[in-house]
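**Student:** below: sequence and its predicted model.
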Amino acid sequence: MKKRRQRQTSAVAAKGGLSAQSMIKAKSIAASILNISENDLADIMDSDQETAEYPVCLGDQQWMDHLHHILQQKIPSAVQLMEAVRVKMKERKVLTEELAALATPVSGKA
């Protein structure tokens with residue numbers, strides 16, 4: 001994790017952006033608040049891979065914008081972060097249940 005943080009810091013230094021370094025710190029704080037690893041948070045927030053595989057729908061983009069807004073606040077709110085993640089987990093549960101219902105074999109008797 002220390003090496004990853006050093007790579008991020010050096011990448012920020014190369015770009016010369018203080019806001020990017022602040023974003024790294026905000027992500028670290030968010031991971032701490034949510035009690036998840038920074039890698040897990042990066043996986044959740046990494047939209048680059050998802051964009052390459054799947055088109056980002058409007059709802060997902062709004063959710064990502066909302067998360068970025070929360071993380072850019074001076075003091076990120078754990079309640080707001082947890083609520084945003086809870087909503088996304090609920091959406092995932094509903095979609096998983098719908099997928100399971102579609103995958104259930106239909107009997108030949110009608």
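**Tutor:** Perfect, thanks for sending it.
**Student:** C-terminal to the worst-scoring helix or strand of the chain on mean pLDDT, what's the next element?
**Tutor:** Least confident helix or strand of the chain, by mean pLDDT, DSSP states H and E, is helix 47-53 with a mean of 57. Moving toward the C-terminus from helix 47-53, the next helix or strand (DSSP states H and E) is helix 58-71.
**Student:** list the buried residues in that next one.
**Tutor:** 60, 63-64, 67, 70-71 (16 or more other C-beta atoms under 10 Å). Where you see a C-beta, it was placed from the backbone N, CA and C, and this is true even at glycine.
**Student:** could I get those as TSV with pLDDT and distance to Leu99?
**Tutor:** Putting those into TSV (pLDDT from 0 to 100; distance: C-beta to C-beta, whole Å) gives the following:
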residue	pLDDT	distance to Leu99
Asp60	80	17
Trp63	84	20
Met64	85	22
Leu67	85	24
Ile70	85	29
Leu71	84	30
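**Student:** quick check: of the residues you listed, which lies closest to Pro105?
**Tutor:** Pro105 lies nearest to Asp60 out of the buried residues of helix 58-71, by C-beta to C-beta, at 30.5 Å.
**Student:** got the phi/psi numbers for Ile75?
**Tutor:** Backbone dihedrals for Ile75, given as degrees, to the nearest 10, come out at phi -130, psi 100.
**Student:** check what pLDDT it gets.
**Tutor:** pLDDT recorded at Ile75 is 82.
**Student:** quick one: contacts of stretch 79-88?
**Tutor:** 30, 33-34, 44, 63, 66-67, 70-71 (C-beta atoms under 8 Å, 6 or more residues apart in numbering).
**Student:** and that stretch, average pLDDT?
**Tutor:** For stretch 79-88, the per-residue pLDDT averages 88.
**Student:** can you give the distance of that stretch from its chain's centre?
**Tutor:** Centroid separation between stretch 79-88 and its chain, computed with C-alpha atoms, centre = their mean, to the nearest Å, is 11 Å.
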